[in-house]
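Output the structure for:
(4 chains)
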Protein chains: 2
Amino acid sequence: MSEKTILLVEDEPAIREMVGFALSRAGFRMVEAGDANEAHTRLAERLPDLVVVDWMLPGTSGIDLARRLKREEYTAELPIIMLTARGEEDDKVGALEAGVDDYITKPFSPRELVARIKAVLRRSIPEEQSRPITVDGLTLDPSSHRVTVGGEALEMGPTEFRLLHFFMTHPERVYSRSQLLDRVWGRNTYVEERTVDVHILRLRKVLAPSGCDRFVQTVRGAGYRFSQQT
Amino acid sequence: MSEKTILLVEDEPAIREMVGFALSRAGFRMVEAGDANEAHTRLAERLPDLVVVDWMLPGTSGIDLARRLKREEYTAELPIIMLTARGEEDDKVGALEAGVDDYITKPFSPRELVARIKAVLRRSIPEEQSRPITVDGLTLDPSSHRVTVGGEALEMGPTEFRLLHFFMTHPERVYSRSQLLDRVWGRNTYVEERTVDVHILRLRKVLAPSGCDRFVQTVRGAGYRFSQQT
DNA sequence: GAATTTATGACATGATGGTGACATTGCAAT
DNA sequence: ATTGCAATGTCACCATCATGTCATAAATTC
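Got it, this is the predicted structure:
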């Protein structure tokens, strides 16, 4: 089994260190973020297998972060474990509403956290998100965050990766620029529609040498489409 | 794209003016209401594309208004953006519970409001109902925005596509040029009736190689018809 | 054959998408 | 701090495409 990646969103360095130690000893790779903003940056770069979020965070609270993650298509399936303060019943209710998979009450032992992580990972179907997708030689593997064509790896930016990922999981269908912004960039981002063009261009440039750019098709007046047919 | 109408429910004239200016500059039409009652009157007259409601209103509060709108079938699908006071966490929770689509914390910049409005409008575009339609080998698939005959893709302009789409969903019936203009071009477009002829011609040219142009029939003195029969 | 209606080719104009360049930002290495 | 770098969003410019209109040819009706 490949090494699982855990994203820890926690502002206290002491807890970060403790959890980090426990996770690495348990064979997990850990990515850290000090607040919700940083968490989004990390998520855009590479999707972890699970997120551990502290309830109390500077700026956007952990619960808001969790809600946002569940709302975005790209991160909706991501399991979340929340760290809550002792005995805050309200927290639990809120957390469950936000679609959190499990929560741990502070103070907790590293051992318990690891156990819960394993339990959540076990029950969440890893296939759904991380199975590689192949279209006519072009393979995208979400778990290793890699795109290959004929064994050759392709280099691209995070946004292009997410764009291609979305396309390959939703082929043979036109998406307007607006829809792509919603579903690839996220609902709370406000960027120009034409920005989509530029990223389509960048994606095509990467795919061009292998000829796979033929899958990324312009539908004039409607948007873009990922299709195997000409 | 047609001009979108925004209903602003806000009691403070200063904010009304500011928002009004920002909206008109962004190409929106704005309708104003000072309280919940007035809002209902405006809604009865004409349904806007989106409602912006202040949390604090004289009489019925904004949150109650939002709840009411979501409860009524006529307005249930209407996107709502709520203006909340600074940092009132309770507001956010209540707003989300009431089915509000987004909320902005005062003070806000007009620019941000416009951005949010656009984002909400973007996401609330209903998924176009889209089952592929086939008539004797000729298939039109709205979701992939593609026309094929015997697996072979046909290329055509957006207007021809819409025209064919309309025809295939309304077969065996004659439509006059003005009816076609209304239903394919839109109610408030002003083009020559003869223009229809030209697009019929263009559509036929695309369909001709496969012989499918036989479906597009001229009914002299009446208009055009899409029919499987000769 | 004259009148009416439709088909068709050509064309100006506007809309749309592709593309290179650039400013900005955040991060990593120095 | 400073520098370098990669990613990203925005813009301006250009090529191409789509559209509406017209003039004229062809077809149909009387």
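
A:Ala76 versus the residue nearest the centre of chain A, what's the distance?
Nearest to the mean C-alpha position of chain A, counting by Cα atoms, centre = their mean, stands A:Leu47 at 3.6 Å. Here A:Leu47 is placed at a distance of 11 Å from A:Ala76 (Cβ to Cβ, to the nearest Å). From N, CA and C alone the C-beta is placed, and that goes for glycine too.

returning to what we had before: ramachandran coordinates for the residue nearest to the centre of chain A?
Dihedral angles phi and psi of A:Leu47 (degrees, to the nearest 10) take the values phi -80, psi 120.

Might you report the residue contacts of it?
Going by Cβ atoms under 8 Å, 6 or more residues apart in numbering or on different chains, A:Leu47 touches A:Tyr74, A:Thr75, A:Leu78, A:Gln129, A:Pro142, A:His145.

Can you tell me how far the residue lying closest to A:Arg146 once chain neighbours are set aside is from A:Leu47?
Among residues not flanking A:Arg146 along the chain, A:Ala153 sits closest, at 6.1 Å (Cβ to Cβ, 6 or more residues apart in numbering or on different chains). From A:Ala153 across to A:Leu47, the span is 18 Å (Cβ to Cβ).

Out of the contacts of A:Leu47, which one has the weakest pLDDT?
Note: of the contacts of A:Leu47, the lowest pLDDT belongs to A:Gln129, at 61.

May I see the buried residues of stretch A:160-173?
A:Glu160, A:Phe161, A:Arg162, A:Leu163, A:Leu164, A:His165, A:Phe166, A:Phe167, A:Met168, A:Arg173 (16 or more other Cβ atoms under 10 Å in any protein chain shown).

Check whether it comes near DNA strand C.
No: judged by Cβ under 7 Å from any atom of the strand, stretch A:160-173 makes no contact with DNA strand C; its nearest approach is 12.9 Å.

Quick check: residues of chain A near DNA strand C?
Going by Cβ under 7 Å from any atom of the strand, the residues of chain A near DNA strand C are A:38, A:41, A:194, A:197-198, A:200-201, A:204, A:218, A:220-223.

Show me which of those residues are buried.
A:Glu38, A:Ile200, A:Arg204, A:Ala222, A:Gly223.

list the contacts for the first one?
Residues in contact with A:Glu38 (Cβ under 8 Å, 6+ apart) are A:Val9.

Am I right that it is in a helix?
Yes: counting by DSSP: H, G, I helix; E, B strand; the rest coil, A:Glu38 falls inside a helix.

Next one, pLDDT for it please.
Value listed for A:Glu38 in the pLDDT field: 85.

Then the one 4 residues further on?
What the model reports for A:Arg42 is a pLDDT of 86.

Which phi and psi values does it adopt?
According to degrees, to the nearest 10, A:Arg42 has phi -60, psi -40.

So it is in contact with A:Ala33, correct?
Yes: counting by Cβ atoms under 8 Å, A:Ala33 is a contact partner of A:Arg42 at 5.2 Å.

More neighbours: which of these two?
Using other Cβ atoms under 10 Å in any protein chain shown, the more surrounded residue of A:Arg42 and A:Ala33 is A:Ala33, with 22 against 19.

leaving aside the residues next to it on the chain, what's closest to that one?
A:Ala39 (4.1 Å).

residues in contact with the one you found?
Counting by Cβ under 8 Å, 6+ apart, A:Ala39 has contacts A:Leu7, A:Val9, A:Ala33, A:Val51, A:Val53, A:Leu65.

Which secondary structure state is assigned to the closest residue to DNA strand C within chain A?
Nearest residue of chain A to DNA strand C: A:Thr218, at 3.6 Å (Cβ to the nearest atom of the strand). Under three-state DSSP, the three-state class of A:Thr218 is strand.

Do me a favour and average the pLDDT over stretch A:178-193.
Mean pLDDT, stretch A:178-193: 85.

For A:Arg220, give me its contacts.
B:Gly157, B:Pro158.

what does A:Val114 give?
By Cβ under 8 Å, 6+ apart, A:Val114 lies in contact with A:Ala22, A:Leu23, A:Ala26, A:Phe28.

are any of those buried, and which?
Here, 16+ other Cβ under 10 Å leaves A:Ala22, A:Leu23, A:Ala26, A:Phe28 buried among those.

Now render the residues you listed as JSON lines, adding secondary structure and distance to B:Arg122.
Shown next, in JSON lines, are the buried ones among the contacts of A:Val114 (DSSP: H, G, I helix; E, B strand; the rest coil; distance: Cβ to Cβ, whole Å):
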{"residue": "A:Ala22", "secondary structure": "helix", "distance to B:Arg122": "43"}
{"residue": "A:Leu23", "secondary structure": "helix", "distance to B:Arg122": "39"}
{"residue": "A:Ala26", "secondary structure": "coil", "distance to B:Arg122": "42"}
{"residue": "A:Phe28", "secondary structure": "coil", "distance to B:Arg122": "38"}
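
Stretch A:68-83 near chain B anywhere?
No: applying Cβ under 8 Å from any Cβ of the partner chain, one finds stretch A:68-83 separated from chain B by no less than 10.3 Å.

Just confirm yes or no for that stretch near DNA strand D.
No: for a cut-off given as Cβ under 7 Å from any atom of the strand, stretch A:68-83 has no contacts with DNA strand D; the smallest distance is 12.2 Å.

That stretch spans what distance, first to last residue?
17 Å (Cα to Cα, to the nearest Å).

What residues sit buried inside it?
So stretch A:68-83, judged by 16+ other Cβ under 10 Å, has buried residues A:Arg68, A:Leu69, A:Lys70, A:Glu72, A:Tyr74, A:Thr75, A:Leu78, A:Pro79, A:Ile80, A:Ile81, A:Met82, A:Leu83.

dump the residue contacts of A:Leu69.
A:Leu43, A:Val51, A:Thr75, A:Ala76, A:Leu78, A:Ile80.

Show me which of the residues you listed is closest to A:Leu181.
Minimum distance to A:Leu181 across the contacts of A:Leu69 is 15.9 Å, recorded for A:Thr75 (Cβ to Cβ).

host element of the residue nearest to that closest one when sequence neighbours are not counted?
The shortest distance from A:Thr75 to any residue other than its chain neighbours is 4.3 Å, reached at A:Leu69 (Cβ to Cβ, 6+ apart). Counting by DSSP states H and E, the element that carries A:Leu69 is helix A:62-71.

Give me the distance between that helix and the centre of its chain.
12 Å (Cα atoms, centre = their mean, to the nearest Å).

name the helices or strands packed onto the helix or strand following that helix?
Once the chain leaves helix A:62-71, the next helix or strand it forms, by DSSP H and E, is strand A:80-84. If contacts are counted by 3 or more Cβ pairs under 8 Å, 6 or more residues apart in numbering or on different chains; DSSP states H and E, strand A:80-84 sits against strand A:50-54, helix A:62-71, helix A:89-97, strand A:102-105, helix A:110-123.
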